[in-house]
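Visitor: Predicted coordinates and the sequence they were generated for:
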Amino acid sequence: MKALSVSPLRVFLFVAGAIIGIHLIASYSHEGYGRITSISPNKFRSSRPLPPVPVQRLPNEQIYSDKRENATFVILCRNNQLWDALRSVKEIEDRFNHRYHYPYVFLNEVPFTEEFKYALKHIASSEVEFGLIPHDHWFQPAWIDEDRASKARQKMQDDNIIYGGSVSYRNMCRFNSGFFFRHPLMQKYKWYWRIEPDVHFHCDILFDPFRYMQENNKTYAFTISMFEYGATIPTLWGHVKDFIKKNPQYVAPNNAMGFISDNNGDSYNLCHFWSNFEIANMDFWRGEAYMKFFEHLEAQGGFYYERWGDAPVHSIGAALFASRDQIQFFDEIGYEHAPYTHCPRQGNNWERGRCSCNPGHNVDKDQYTLPKGRKDRGETIEAAAARETYEETGYRCSLWPNRLPTRAPAPGVNNVHTVEVVDNLVEPIAVTIRQADGKVIFWYIALVAEGVEKQEGTQMESENYKSEFLAVNRAMDILTSQTDREIVAKAYEIVVQKERL
Ligand SMILES: *[C@@H]1O[C@H](CO)[C@@H](O)[C@H](O)[C@H]1NC(C)=O
Ligand SMILES: *[C@@H]1O[C@H](CO)[C@@H](O)[C@H](O)[C@H]1NC(C)=O
């Protein structure tokens, strides 16, 4: 739907940092984990001196445990990612595995080179195995209609959807969704920790996450959650609903539907655990519920006819078939996969982990919102809307005159009380009342003229927004508030109508 972004309306969005993570689950999955105190997201912003680090630092040897769980790291990568894989392994070794010595399994659809194997074996402190992915686990199945699949890829590429034109990306998503845990080298393990080339572990991990999962009856753990691109999964949720209807026995009684749907399962809210980091129980994926679920999805061909990602597939599977309390958010594990970082913020996790990340740059507290602001004394609402938009986004704009039904009479005409549809009106397209503070917000469509450049330094001292133009469908995916999404939908409808006239 690229056309949407080149309409004369360039919808304004500004983003404070990046995408919001919805951590509903985090708040209750941590119960009983101890030592978690209050969240104080602002402590690194204050100008007051930081309190002294209250933790006693233990020498590494004392944390060492020789009780290992039935677990492995798994790294899917290519030979040409050798140096990126090496850095990831070095970091997880330094921050964690030099005390535990969990093994590694590397998987690839072609054999690893001798150079690759030599380097990785050299840097790991534990057993390393290299596996070739069976042909049918990786490549597009023969029953997929290639004509239909290639048309879908072309369309997504034209629409600028990330990896929209890639077959190998689709192979990877399908492999991660339904096959990696069935690889012969993975069969012998119960737990895995997925690592990607070129990721960062920013904190010492002072406990064994596998052991924590095992002892606390957990199934799936994450560090970052975010929104999926809706255009990559247009029919996925419909097939999920079909599956649930036909197989209600698989849905866990105390499931996490509330995380993935805002209307009790009617639609998917696009939330997912960012699956490039996962610690999970493979027996859960291998179990009847998830395997049946995967086969149901596989049969639709959506991994190829659309571009279903393993993140929504795993997230939906975990949310539906595991109990809510079996899903774990690990605040302690500082993790970065560019461009997003999770940096610990709870209690003194940052200090204890000797973290090297900035807790102020945390994906989970950033949100997407439409620009708005308060009107000054004596200022008209219209002037305030244009000024605030400019100040918050850096783009000069004018309010867009549109065609609207109105009861306001023409100047000088008295006593006409009928509704007339009139062109060139600069009037709000909607008025909303914000529940939280009772503020009344008047919404306008604004236009940025062709060639207008962004000005820096227009924000107030206390503001720190990043502005971004987005295609309408993308904006609808990621705007944090439902009201903002409805406003964009309304604005779009008005603009499209006007175009047609
Ligand atoms: C580890 O887990 C796998 C999968 O559940 C199982 O087949 C295997 O027997 C387990 N190994 C040990 C030593 O318990
Ligand atoms: C693990 O949790 C699930 C879901 O709450 C529960 O049904 C199961 O009995 C638990 N297993 C153990 C061993 O506690």
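Guide: Received the coordinates, thanks. Ligands and ions are numbered 1, 2, ... in the order given.
Visitor: Kindly report the residues of the stretch 251-400 of the chain close to ligand 1.
Guide: With Cβ under 6 Å from any ligand atom as the criterion, the stretch 251-400 of the chain comes near ligand 1 at residues residue 283. All C-beta atoms are positioned from the backbone trio N, CA, C, and that covers glycine.
Visitor: Can you pull out the low-pLDDT segments for the stretch 251-400 of the chain?
Guide: Across the stretch 251-400 of the chain, residues meeting the criterion (pLDDT under 70) sit at 361, 364-367.
Visitor: Swap in 90 and give it another go.
Guide: For the stretch 251-400 of the chain, applying pLDDT under 90 flags the ranges 262, 338-341, 345-347, 358-375, 377, 388-389, 392-393, 397-400.
Visitor: Of all residues in it, which one is closest to ligand 2?
Guide: Among residues of the stretch 251-400 of the chain, the one nearest ligand 2 by Cβ to the nearest ligand atom turns out to be residue 323. It sits 3.4 Å away.
Visitor: what do you get for the stretch 51-200 of the chain?
Guide: For the stretch 51-200 of the chain, Cβ to the nearest ligand atom, closest residue to ligand 2: residue 190, 13.7 Å.
Visitor: Spatially nearest residue to that residue (excluding sequence neighbours)?
Guide: Nearest non-adjacent residue to residue 190, counting by Cβ to Cβ, 6 or more residues apart in numbering: residue 70, 4.3 Å away.
Visitor: Residue 242 now?
Guide: Among residues not flanking residue 242 along the chain, residue 296 sits closest, at 7.6 Å (Cβ to Cβ, 6+ apart).
Visitor: Please see if stretch 279-298 touches ligand 2.
Guide: No. Stretch 279-298 stays out of contact with ligand 2 when judged by Cβ under 6 Å from any ligand atom, the minimum separation being 10.6 Å.
Visitor: buried residues in that stretch?
Guide: Using 16 or more other Cβ atoms under 10 Å as the test for burial, stretch 279-298 gives 279-282, 284-285, 287, 289-290, 293-294, 297-298.
Visitor: now the residues you listed in JSON lines, with distance to residue 368?
Guide: Listed next are those as JSON lines, based on distance: Cβ to Cβ, whole Å:
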{"residue": "279", "distance to residue 368": "28"}
{"residue": "280", "distance to residue 368": "29"}
{"residue": "281", "distance to residue 368": "33"}
{"residue": "282", "distance to residue 368": "35"}
{"residue": "284", "distance to residue 368": "32"}
{"residue": "285", "distance to residue 368": "32"}
{"residue": "287", "distance to residue 368": "36"}
{"residue": "289", "distance to residue 368": "34"}
{"residue": "290", "distance to residue 368": "32"}
{"residue": "293", "distance to residue 368": "30"}
{"residue": "294", "distance to residue 368": "31"}
{"residue": "297", "distance to residue 368": "29"}
{"residue": "298", "distance to residue 368": "33"}
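Visitor: Next step: those residues restricted to helices.
Guide: 282, 284-285, 289-290, 293-294, 297-298 (DSSP state H).
Visitor: shouldn't residue 223 be in contact with residue 336?
Guide: No. Shown here, residue 223 and residue 336 do not form a contact pair, counting by Cβ atoms under 8 Å, at 9.7 Å.
Visitor: Among the two, which residue is more densely surrounded?
Guide: Per other Cβ atoms under 10 Å, whichever of residue 223 and residue 336 has more neighbours is residue 223, with 29 against 22.
Visitor: show me what contacts that one?
Guide: Listed by Cβ atoms under 8 Å, 6 or more residues apart in numbering, the contact set of residue 223 reads 274, 277, 329-331, 333, 335, 342.
Visitor: Now the buried members of those.
Guide: Among the contacts of residue 223, those scoring as buried are 274, 277, 329-331, 333, 335, 342 (criterion: 16+ other Cβ under 10 Å).
Visitor: hang on, the earlier thing: need the overlap of contacts for residue 223 and residue 336.
Guide: Where contact means Cβ under 8 Å, 6+ apart, the residues bridging residue 223 and residue 336 through contact with each are residue 342.
Visitor: What are the structural domain limits within the chain?
Guide: Residue ranges of the domains in the chain are recorded as 2-12+368-500, 21-40+58-365, according to automatic domain parsing.
Visitor: Give me the spatial nearest neighbour of residue 401, chain neighbours excluded.
Guide: Computed as Cβ to Cβ, 6+ apart, the closest residue to residue 401 that is not its neighbour in sequence is residue 424, at 4.2 Å.
Visitor: Could you do residue 98 as well?
Guide: Residue nearest to residue 98 in three dimensions, not counting chain neighbours: residue 125, with 5.2 Å by Cβ to Cβ, 6+ apart.
Visitor: The one you found: neighbour count?
Guide: 15.
Visitor: contacting residues around residue 277?
Guide: Residue 277 sits next to 194-195, 199, 222-224, 333, 335, 337 when contact means Cβ under 8 Å, 6+ apart.
Visitor: separation between it and residue 263?
Guide: Distance, residue 277 to residue 263, by Cβ to Cβ, to the nearest Å: 28 Å.
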